[in-house]
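**Student:** give me coordinates for this.
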Amino acid sequence: MKILGIVGSSRREQESGVYVLVRTALEATGFDHELVHLRGKSIGGCIACLGCVADNVCKVQDDLAPLREKIVAADAYVVGSPNYYTGLNALTHAFLERWYQFRHQEGDALWGKLGVAVGVGGSSGAPCTAEIEKFFLYNFVETVAKADGQGAASCFSCGYGETCGVGVPRLLFGEGVKITEEMIPRVTKKPEVMKAAAAAGRELGRRLREGHDRREVTARMQAVLMAKFREST
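**Tutor:** Sure, this is the predicted structure:
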């Protein structure tokens, strides 16, 4: 068993709450894992060229191409994104959009696998985990757990956080705020968030160890997706 971790944040490792939570979840699984940080990679969204419909292989040659085999080979995923405008950032969204290549002609490369969704935002990471779960579902990947929390918004380090009228520090602490290290909401300061990430990883490990049946998961995810389609029509 091998788990693929994806960090969709463009921040450096030491500055990224997403990186911390994805790594924590991976380590808690107890399985072999690989962590891929998308920072600095050039990955565009799906361009609807339909080049993948015949063989389920995306023909766009950017930094997603060398990751394809890692995605296929993994038994499970831990995917994390920062919250941009109450949703995934563009890099994570593009990465997951390109999973469209796996969905043609009953291509089952991802069907029945398991995943953990991770999100971090200046207010909350929950919108990100909901979107990651949606992408997982469209590929019949079951989200077994989510981990999200409040992290350090860029406003705390941009240089204008104390005076910017729309900056997170002023929104959270009011006019005249003086930024201190103590007030910056890093995920590492929040035991409940760190515990949630570790618990998510342990749950993923438990599911993989205890008779994970891809066919059963696939059937269940197909039923969930079909029900959602019926609700929307």
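
**Student:** what residues does the worst-scoring helix or strand of the chain on mean pLDDT touch?
**Tutor:** The weakest-scoring helix or strand in the chain, judged by mean pLDDT, DSSP states H and E, is helix 168-173 (a mean of 90). Outside helix 168-173, the residues within contact range by C-beta atoms under 8 Å, 6 or more residues apart in numbering are 122-123, 153, 155-156, 161-164, 177, 179, 183. Where C-beta positions appear, they are placed from N, C-alpha and C, glycine not excepted.

**Student:** list only buried entries from these.
**Tutor:** Buried members of the contacts of helix 168-173, counted by 16 or more other C-beta atoms under 10 Å: 122, 153, 155-156, 161-162, 177.

**Student:** turn these into a markdown table, including pLDDT and distance to residue 37.
**Tutor:** Below are the buried ones among the contacts of helix 168-173 laid out as a markdown table (pLDDT from 0 to 100; distance: C-beta to C-beta, whole Å):
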| residue | pLDDT | distance to residue 37 |
| --- | --- | --- |
| 122 | 91 | 20 |
| 153 | 92 | 20 |
| 155 | 93 | 23 |
| 156 | 93 | 21 |
| 161 | 93 | 25 |
| 162 | 94 | 30 |
| 177 | 94 | 32 |
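
**Student:** of all the residues you listed, which two lie farthest apart?
**Tutor:** Maximum pairwise distance among these (C-beta to C-beta): 15.7 Å, between 122 and 162.

**Student:** tell me the phi and psi of the residue of the chain positioned farthest from its centre?
**Tutor:** Distance from the C-alpha centroid of the chain peaks at residue 176, with 35.3 Å (C-alpha atoms, centre = their mean). When read as degrees, to the nearest 10, the backbone of residue 176 gives phi 80, psi 10.

**Student:** count the neighbours of residue 33 for me.
**Tutor:** Using other C-beta atoms under 10 Å, the number of residues around residue 33 comes to 20.

**Student:** pick the one among the buried ones among the contacts of helix 168-173 closest to residue 200.
**Tutor:** Among the buried ones among the contacts of helix 168-173, residue 122 lies closest to residue 200 (C-beta to C-beta), at 21.2 Å.

**Student:** excluding sequence neighbours, find me the nearest residue to the closest one.
**Tutor:** Sequence neighbours aside, residue 153 is the residue nearest to residue 122 in space, at 3.2 Å (criterion: C-beta to C-beta, 6 or more residues apart in numbering).

**Student:** Provide a list of residues in contact with that neighbour.
**Tutor:** 121-122, 168.

**Student:** mind putting these into TSV with distance to residue 103?
**Tutor:** TSV is the format used below for the contacts of residue 153 (distance: C-beta to C-beta, whole Å):
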residue	distance to residue 103
121	28
122	33
168	37
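
**Student:** can you tell me which of those residues lies nearest to residue 26?
**Tutor:** residue 121 (20.6 Å).

**Student:** how about that closest one: what's its closest non-neighbour residue?
**Tutor:** Nearest residue to residue 121 in three dimensions, chain neighbours excluded: residue 83, at 2.7 Å (C-beta to C-beta, 6+ apart).

**Student:** pretty sure the one you found sits against residue 118.
**Tutor:** No - at 11.1 Å, residue 83 does not count as touching residue 118 under the criterion of C-beta atoms under 8 Å.

**Student:** please consider this matter closed, and thank you.
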